[in-house]
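A.B. asks: sequence first, then the predicted structure, then my questions.
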Amino acid sequence: MTMVEYCGKKPKIDPTVFIASNATIIGDVEIGICSSVWPNAVIRGDTHTITIGKRVNIQDNVIISARAIVGDDVTIGHGAILHGCKVGNNVIIGMGSIILDDVKISDWVIVGAGTVITSHSIIPSKSLVLGIPGKVVRQLHEDDLNHITANSKEYLELANKYKKRR
């Protein structure tokens, strides 16, 4: 893993976090307990603070920059980009999604793969968001909420297996 101090700011990573050897974390970044950062993810806290909560999984090739705040129990799917946004708790950001500046995503939301949420959008709790630009298409059902929880637990278990191999 590459951990880079930038302008006197060093990443603050809880010791329980799994970080893949080829992930890059730069500057003013804080990552909470039991989170995971997977191969080729880049978290750039060089221009603003990046705050990542507990049990967050940041999957392969994710890019996070520009004053992003991510809550607890969040899954950020492969190749997603988060730029200057706020993500609540218990959220899935689908693969290849782009979340732009000043977006606010509430708790218990699923953002479908490939969705682009444009600047200044506010996504209400228990919503499924799809499309370009992203639009709420329906409210989440109980099965969806269970899927969010199961996905978070799955990556927590996977990260623990990887940590044991080290």
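C.D. replies: Good, I have the coordinates.
A.B. asks: the closest residue to residue 65 other than its chain neighbours - how many residues pack around it?
C.D. replies: Computed as CB to CB, 6 or more residues apart in numbering, the closest residue to residue 65 that is not its neighbour in sequence is residue 44, at 4.1 Å. C-beta coordinates here come from the backbone N, C-alpha and C atoms, glycine included. Neighbour count of residue 44, defined by other CB atoms under 10 Å: 21.
A.B. asks: tell me who's in contact with the residue lying closest to residue 39 once chain neighbours are set aside.
C.D. replies: Leaving out its chain neighbours, the residue that sits closest to residue 39 by CB to CB, 6+ apart is residue 20, at 4.4 Å. When contacts are counted by CB atoms under 8 Å, 6 or more residues apart in numbering, residue 20 touches 1, 37-41, 162.
A.B. asks: distance of residue 20 relative to residue 116?
C.D. replies: Remark: distance between residue 20 and residue 116 (CB to CB, to the nearest Å) = 26 Å.
A.B. asks: what do you get for residue 35?
C.D. replies: Distance of residue 35 to residue 116, given as CB to CB: 25 Å.
A.B. asks: okay, these two: which has more neighbours?
C.D. replies: Of the pair residue 35 and residue 116, residue 35 is the one with more neighbours under other CB under 10 Å, namely 26 against 17.
A.B. asks: which strand runs longest in this protein?
C.D. replies: Longest strand of the chain, by residue count under DSSP state E: strand 42-52.
A.B. asks: name the helices or strands packed onto it?
C.D. replies: With contacts taken as 3 or more CB pairs under 8 Å, 6 or more residues apart in numbering; DSSP states H and E, strand 42-52 sits against strand 24-31, strand 63-65, strand 69-70.
A.B. asks: between that strand and strand 24-31, how many degrees?
C.D. replies: Between the axes of strand 42-52 and strand 24-31, defined by axes from the mean of the first three to the mean of the last three CA atoms, to 10 degrees, the angle is 0 degrees.
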